[in-house]
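Colleague: pasted the sequence and its predicted model underneath.
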Amino acid sequence: MPRLSEFVQSTNDALNRALLLTCECGITNLRNSRMQLTSNRMANELVEGRFVTVRIEGVTVLLAGTHAVSPVDIVCADGRITAIEPCTAAPSRRLLAMPALVNAHDHARPLSPTSFGGAAKPLETWLLRLGAMPAVDPYLAALAAFGRAARGGAGSVMAHYTRFMGPMSAVDEAREVARAAADIGIRLTFAVFMRDRNPLVYGPADPVLNLLSVNARDTITAQFLSPMPHPQEQIERVEAIAAAIEGPMISVQFGPNGPQWCSDDLLRAIADASIRTGRRVHMHLLETRYQRAFADRTYPHGIAAHLEALGLMSPRLAAWPWHTASTWHPPTSISSLGLERSLRLTRVQTCICAQA
Ligand SMILES: [Zn+2]
């Protein structure tokens with residue numbers, strides 16, 4: 001068996017090549033489908049691959065509710081809709097206009113953790129297997145993830161970025177991710193991961209490490225137990241990324257991984273910064289029975305009350321209560337978390353992390 005670090009190194013180049021091929025195929029497919037649409041349904045000008053003026057004829061519009069709308073012609077110029085007019089030709093049977101879908105929680109990973117042996121396993125074991133996912137070119141990785149989202153109909157993606165590829169700086173890597181979002185053409189919300197405790201288990205790592213051989217302990221320590229930045233340093237990193245990439249199509253949020261991975265000092269610093277700047281917070285919350293057990297053990301007065309005391313419960317917080325990758329156990333109910341009161345008080349958003 002190769003050491004984990006050797007495996008990571010040996011697969012790095014191969015994965016980069018595979019990603020590049022995937023991206024090239026995806027872009028070619030998108031270009032071909034646009035060209036086919038152009039020839040069939042549009043009167044337009046095409047300059048250097050970009051539409052200048054486009055008239056899409058006979059489009060059925062899908063609106064909220066049950067209102068039936070007659071087919072329309074949609075006129076676009078420089079990538080924007082400039083007019084919606086009564087249909088002048090026979091309605092198309094294949095054109096439907098609707099708001100683009102929103103992918104409200106994604107991790108912008110180039111490949112699914114199932115590619116690294118994480119399928120059908122508890123979250124706690126497949127998360128560690130992410131360590132075997134090699135670092136790849138962050139632009140290509142984001143291009144693959146956002147390309148998949150766009151082809152699935154998403155026009156806006158929340159990317160809870162859970163690790164940096166490196167070796168470039170975090171700000172430069174965020175610029176590469178932003179460049180990929182712009183090239184794909186999606187709106188991006190970039191939540192930067194934040195964590196400072198429990199990298200291996202929900203508690204002290206030594207009892208686990210002491211059960212391992214020296215070689216295994218050294219490998220695990222090198223892979224998972226590197227020092228984590230001070231809370232203030234992590235806040236400043238998010239603000240630096242925001243200053244570098246935020247704009248009309250991109251916003252940046254604080255992305256604490258989850259209460260069991262964040263100290264009170266870090267969560268309090270995030271809450272204070274969010275109150276001060278209005279920056280939103282995106283966080284997993286008790287995805288598994290083991291995380292719930294940790295929370296019950298650590299915060300006997302309730303995790304919701306604890307987060308509220310730290311100042312984190314607010315309309316700026318989106319919390320994701322459990323992970324569909326962990327469906328082997330009964331999901332934790334909102335009422336049993338004591339979140340109902342906080343939800344009523346603060347309108348915290350809740351949903352499910354479906355991106356394994
Ligand atoms: Zn998630």
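Modeller: Received, thanks. Residues are numbered from 1 along each chain as shown.
Colleague: where do the strands sit along this protein?
Modeller: For the chain, applying DSSP state E gives strands covering 42-47, 50-61, 72-77, 80-86, 96-97, 101-106, 154-161, 187-194, 250-256, 281-284, 317-323, 349-353.
Colleague: I'd like to know which of those is closest to residue 114.
Modeller: strand 317-323 (13.7 Å; C-beta to C-beta). C-betas here are computed from N, CA, C, even on glycine.
Colleague: ok, back up a step: let's have the strands of the chain in JSON lines, adding mean neighbour count.
Modeller: Below are the strands of the chain laid out as JSON lines (neighbours: other C-beta atoms under 10 Å):
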{"stretch": "strand 42-47", "mean neighbour count": "14"}
{"stretch": "strand 50-61", "mean neighbour count": "17"}
{"stretch": "strand 72-77", "mean neighbour count": "18"}
{"stretch": "strand 80-86", "mean neighbour count": "11"}
{"stretch": "strand 96-97", "mean neighbour count": "13"}
{"stretch": "strand 101-106", "mean neighbour count": "19"}
{"stretch": "strand 154-161", "mean neighbour count": "22"}
{"stretch": "strand 187-194", "mean neighbour count": "23"}
{"stretch": "strand 250-256", "mean neighbour count": "24"}
{"stretch": "strand 281-284", "mean neighbour count": "24"}
{"stretch": "strand 317-323", "mean neighbour count": "23"}
{"stretch": "strand 349-353", "mean neighbour count": "15"}
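Colleague: can I get the ones you listed in TSV with mean pLDDT and distance to residue 262?
Modeller: Shown next, in TSV, are those (pLDDT from 0 to 100; distance: least, C-beta to C-beta, whole Å):
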stretch	mean pLDDT	distance to residue 262
strand 42-47	46	49
strand 50-61	80	44
strand 72-77	88	44
strand 80-86	88	41
strand 96-97	85	42
strand 101-106	91	18
strand 154-161	96	14
strand 187-194	98	6
strand 250-256	98	5
strand 281-284	95	8
strand 317-323	73	13
strand 349-353	50	16
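Colleague: distance to residue 170 added to those strands, as a markdown table?
Modeller: Output for the strands of the chain, formatted as a markdown table (distance: least, C-beta to C-beta, whole Å):
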| stretch | distance to residue 170 |
| --- | --- |
| strand 42-47 | 37 |
| strand 50-61 | 32 |
| strand 72-77 | 36 |
| strand 80-86 | 33 |
| strand 96-97 | 39 |
| strand 101-106 | 19 |
| strand 154-161 | 9 |
| strand 187-194 | 8 |
| strand 250-256 | 12 |
| strand 281-284 | 17 |
| strand 317-323 | 22 |
| strand 349-353 | 23 |
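Colleague: next up, the contacts around residue 157.
Modeller: 102, 103, 106, 108, 145, 146, 149, 181, 186, 187, 188, 189 (C-beta atoms under 8 Å, 6 or more residues apart in numbering).
Colleague: so what are the domain limits for this protein?
Modeller: For the chain, automatic domain parsing gives the domain ranges 25-97, 101-353.
Colleague: for these, which one ends up most surrounded?
Modeller: domain 101-353 (a mean of 18; mean count of other C-beta atoms under 10 Å).
Colleague: shaky segments in the stretch 1-150 of the chain?
Modeller: Along the stretch 1-150 of the chain, segments meeting pLDDT under 70 span 1-52, 66-68.
Colleague: repeat that for 50
Modeller: 1-46 (pLDDT under 50).
Colleague: kindly state the pLDDT recorded for the residue lying closest to residue 267 once chain neighbours are set aside?
Modeller: Using C-beta to C-beta, 6 or more residues apart in numbering and skipping the chain neighbours, the partner closest in space to residue 267 is residue 310 (5.0 Å). On the pLDDT scale, residue 310 is placed at 96.
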